[in-house]
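Chemist: Below is the sequence, then the predicted model.
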Amino acid sequence: MAVGLGLDVGGTKVLGCALDARGTVAAEVRVPSPKTQDGAVDALVACVRELLHELGPGSGEVTGIGLGLPGLVDEDGVLHETANMHGVEGLSVRASLASRLEEVRAGAGLSGSAPWRLAADNDGACAAAGELAFGAARGCSDAVVVTLGTGIGGGIIANGRMLRGARRFAAEIGHMVVDVHGPPCGCGRIGCWEQFASGTGLAHLARERCAEGGGARLCTLAGGGPEAVRGEHVVTAAREGDPDALAVIEAFGRYLATGLANLAEILDPARIILGGGLVQAGDLLLGPGLATYAATSRRGSGARSVPVVIAELGERAGAYGAAALGLDLVP
């Protein structure tokens with residue numbers, strides 16, 4: 001059976017997997033994330049080489065490779081912009097990888113086999129492709145996948161297909177503005193959704209609380225002043241019942257609900273699927289936001305209100321989706 005390799009480039013690691021069209025995983029590897037364009041190529045090649053080594057005799061079944069990249073990726077596989085990994089901006093992934101992958105194929109004894117299909121897309125779009133092929137969006141013709149991590153990524157599924165846009169830059173949902181007086185974002189805009197409803201946003205709201213004279217427990221957990229407070233400190237303090245942390249989570253929830261409601265109004269999906277690292281915090285972090293979202297349905301929407309469900313693939317969604325693109329499973 002044909003096997004696809006999926007490589008998901010994140011802020012700390014590149015997660016690679018090999019799986020077939022049924023979603024059966026045959027191999028999985030992790031290598032450190034790159035900081036430069038040359039480093040990115042080296043990391044991707046190393047990931048492919050390790051996956052082929054893990055596959056062993058099954059390497060001959062590999063038919064395609066998908067790449068999930070943290071930014072705007074055009075149809076030629078060029079990474080134009082990334083909010084959190086500026087050192088790899090401008091990388092022409094396909095052009096840079098072509099000769100290196102041929103070397104890998106030769107080293108694995110695959111030179112005579114059919115060339116690999118090579119697909120590249122935004123990491124949020126890959127997460128959506130993973131949920132569409134193997135997870136919570138299976139059988140759903142219209143859905144939105146929202147990934148809550150350091151920032152906010154996502155993908156839009158319309159009529160059973162990934163919505164990509166004229167330049168393939170669609171679904172940058174984390175960069176819709178929810179507060180025109182908000183903080184600057186790494187994308188160059190002001191008050192983007194991910195500045196409030198992501199890991200970065202949670203930390204920002206906590207620091208604001210500290211600047212207002214609260215947050216003593218948060219600073220203690222951070223081992224320093226307000227500038228040292230991060231999202232995990234908020235979650236820890238909230239579990240202890242700290243009122244400042246709980247107030248921060250309430251504010252986080254209002255912004256989360258605002259973005260979700262905007263997506264529901266604009267796209268009218270059958271469901272919104274929440275994934276990403278923050279989902280692991282569960283109801284403690286997400287509960288207030290989901291309750292607020294449920295209360296924001298417009299009058300008359302009734303049974304047509306858009307449900308929010310939790311993603312099924314966890315941190316592997318991007319790699320699974322990239323592999324699905326490599327296998328040409330997702331239109």
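Modeler: Nice, I can see it.

Chemist: For the stretch 51-200 of the chain, which residues score under the pLDDT cut-off?
Modeler: Where the stretch 51-200 of the chain drops to pLDDT under 70, the residues are 83-84.

Chemist: mind listing the helices for the chain?
Modeler: 37-55, 93-107, 123-134, 199-211, 216-222, 231-239, 243-267, 283-294, 317-326 (DSSP state H).

Chemist: Give me the domain ranges for this structure.
Modeler: Listed domain ranges for the chain are 3-130+316-326, 139-311 (source: automatic domain parsing).

Chemist: mind putting those domains in TSV, mean neighbour count included?
Modeler: Every C-beta, even on glycine, is put in place using the N, C-alpha and C of the backbone. Formatted as TSV, the domains of the chain follow (neighbours: other C-beta atoms under 10 Å):
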stretch	mean neighbour count
domain 3-130+316-326	20
domain 139-311	19
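
Chemist: related to what we said a few turns ago, can I get the helices of the chain in a markdown table including distance to Cys17?
Modeler: Output for the helices of the chain, formatted as a markdown table (distance: least, C-beta to C-beta, whole Å):
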| stretch | distance to Cys17 |
| --- | --- |
| helix 37-55 | 8 |
| helix 93-107 | 17 |
| helix 123-134 | 10 |
| helix 199-211 | 24 |
| helix 216-222 | 34 |
| helix 231-239 | 26 |
| helix 243-267 | 28 |
| helix 283-294 | 26 |
| helix 317-326 | 5 |
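
Chemist: Which one of these has the poorest average confidence?
Modeler: Among the helices of the chain, helix 93-107 carries the lowest mean pLDDT, a mean of 92.

Chemist: Other residues contacting that one?
Modeler: Contact with helix 93-107 is made by 37, 40-41, 44-45, 48-49, 52, 65, 67, 69, 73, 76-79, 111, 113, 116, 118, 120, as judged by C-beta atoms under 8 Å, 6 or more residues apart in numbering.

Chemist: list the contacts for Leu110?
Modeler: Leu110 makes contacts with 59-60, 62, as judged by C-beta under 8 Å, 6+ apart.

Chemist: same thing with Arg168?
Modeler: Applying C-beta under 8 Å, 6+ apart, the residues near Arg168 are 72-75, 121.

Chemist: Out of those, which sit inside strands?
Modeler: Residues of the contacts of Arg168 located in strands (DSSP state E): 72-73, 121.

Chemist: Would you enumerate the residues in contact with the nearest residue to Ala27 once chain neighbours are set aside?
Modeler: Nearest non-adjacent residue to Ala27, counting by C-beta to C-beta, 6 or more residues apart in numbering: Glu54, 3.5 Å away. The contact partners of Glu54, taken as C-beta under 8 Å, 6+ apart, are 18, 26-29.

Chemist: Now, those that are in strands?
Modeler: Short answer: those in strands (DSSP E) are 18, 26-29.

Chemist: what's the closest of these to Tyr293?
Modeler: Nearest to Tyr293 out of these is Glu28 (C-beta to C-beta; 33.9 Å).

Chemist: In this structure that closest one contacts Asp8, no?
Modeler: No. Judged on C-beta atoms under 8 Å, Glu28 makes no contact with Asp8 at a distance of 11.0 Å.

Chemist: before we move on, back to that, in the contacts of Glu54, find the pair that's most separated.
Modeler: Ala26 and Val29, at 11.4 Å, using C-beta to C-beta across the contacts of Glu54.

Chemist: Just want the most central residue of the protein.
Modeler: Residue closest to the average C-alpha location in the chain (C-alpha atoms, centre = their mean): Gly124, at 4.0 Å.

Chemist: what's the spacing between the residue nearest to it when sequence neighbours are not counted and Ser33?
Modeler: In this structure, Gly124 finds its nearest non-sequential neighbour in Gly153, 2.7 Å apart by C-beta to C-beta, 6+ apart. Using C-beta to C-beta, to the nearest Å, we find Gly153 at a distance of 16 Å from Ser33.

Chemist: quick one: contacts of stretch 131-145?
Modeler: By C-beta under 8 Å, 6+ apart, stretch 131-145 touches 23, 124, 127-128, 154-160, 162, 173, 263, 267-273, 275, 309-313, 317, 320-321, 324, 329-330.

Chemist: Now go through the residues you listed and say which are in strands.
Modeler: Filtering these for strands - DSSP E - leaves 154-158, 162, 271-273, 275, 309-310.

Chemist: and which of those is nearest to Val177?
Modeler: When the ones in strands among the contacts of stretch 131-145 are compared for distance to Val177 (C-beta to C-beta), Gly154 wins out at 15.7 Å.

Chemist: Correct me if wrong: the closest one contacts Gly174.
Modeler: Yes. Contact between Gly154 and Gly174 holds when scored by C-beta under 8 Å: they sit 7.1 Å apart.
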